[in-house]
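Undergrad: The sequence and its predicted three-dimensional model are supplied below.
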Amino acid sequence: MVVPDQSNPDSKKVQVESMFDSIAPKYDLLNHTLSLNIDKIWRRKVARMVSKCSPAAILDVATGTCDLAIVVSRKAHPQSVCGIDLSEEMLNVGRQKVLKANLSDIIKVQKGDAENLPFADNTFDAITVAFGVRNFENLEKGLTEMLRVLKPGGSCFILEFTMPTKFPVKQLYNFYFRRVLPLIGRIVSSNKVAYTYLPESVKAFPQYDEFQSIMQKCGYSSARCRTLSMGIAAIYVGTK
């Protein structure tokens, strides 16, 4: 859920695509450096959870540069992983990483919109999303679309940032996200918007019980949440 630039007449979707296209070449470096590589640990946790379902076909929504798609392929050993993303430049980086990882026979990526998925009903055994649902223009529409293409009994795994509530993690987190991250992001990426909107989008995004309630409203059953790293992130799981 991007906080849009009110002076820009384009939709959130267009703004998100443009923003990620512009930072794609340095996205991985910035992402891993600014998170102190903790995001890699979180993705591995998601992959282990997915592997317990033994899915044959996986959809990775907002796949970006394919970090989660690659980890899930290695941990869960599916027959296929389809990655979809709005940003063609992010996908271009992802394609090179998939090729380097020798996973081109398993992972296929394509440009597409999470709110209008180009797949038939009941296509995938599992769906994964890492740090992508905040960028949906219409959150409920995106969640409903993912549910539509999920097979009955399949699960959707959503990794997202959350706002910690306990001292001193809350104070340190706020200082880092509001002061340190935007500064480094601007210096390295030369994009003022990309690493400034993140704290506000996290703050504005529904979390914990509220997000689980939205998932259930959209039709998911057994919606649950696992907090990570003292409340910095969470994995939400909903079953069809």
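TA: Thanks, I have it. Numbering: from 1, shown residues only.
Undergrad: ok, which stretches of the protein are helices?
TA: 12-34, 38-51, 67-76, 88-100, 139-149, 169-175, 181-189, 197-204, 209-217 (DSSP state H).
Undergrad: residues contacting residue 107?
TA: By CB atoms under 8 Å, 6 or more residues apart in numbering, the contact list for residue 107 reads 66, 69, 70, 73, 80, 81, 82, 83, 98. Where C-beta positions appear, they are placed from N, C-alpha and C, glycine not excepted.
Undergrad: ok, 6 Å please
TA: Neighbouring residues of residue 107 by CB atoms under 6 Å, 6 or more residues apart in numbering: 69, 73, 81, 98.
Undergrad: Just grab the bridge partners of it for me.
TA: In this entry, residue 107 is beta-bridged to residue 81, by DSSP bridges.
Undergrad: distance of it from residue 97?
TA: 9 Å (CB to CB, to the nearest Å).
Undergrad: buried ones in stretch 162-181?
TA: 162, 163, 164, 173, 177, 181 (16 or more other CB atoms under 10 Å).
Undergrad: Now the fifth one. Nearest residue, chain neighbours left out?
TA: By the measure of CB to CB, 6 or more residues apart in numbering, the closest residue to residue 177 outside its immediate chain neighbours is residue 199, 4.2 Å from it.
Undergrad: which helices and strands sit right next to the longest strand anywhere in the chain?
TA: Ordering each strand of the chain by length in residues (DSSP state E) puts strand 150-161 first. Contact here means 3 or more CB pairs under 6 Å, 6 or more residues apart in numbering; DSSP states H and E; on that basis strand 150-161 packs against helix 38-51, strand 124-130, strand 233-239.
Undergrad: Go ahead and name everything in contact with the first one.
TA: What it means is helix 38-51. Helix 38-51 has contacts (CB under 6 Å, 6+ apart) with 68, 71, 72, 75, 76, 126, 157, 159, 228, 233, 235.
Undergrad: now do 7 Å
TA: If you take CB atoms under 7 Å, 6 or more residues apart in numbering as the criterion, helix 38-51 is touched by 31-32, 67-68, 71-72, 75-76, 126, 128, 130, 157, 159, 228-229, 233, 235, 237.
Undergrad: could you flag which of the residues you listed are buried?
TA: The buried subset of the contacts of helix 38-51 (16+ other CB under 10 Å) comprises 31, 67-68, 71-72, 75-76, 126, 128, 130, 157, 159, 228-229, 233, 235, 237.
Undergrad: Cheers, nothing more for now.
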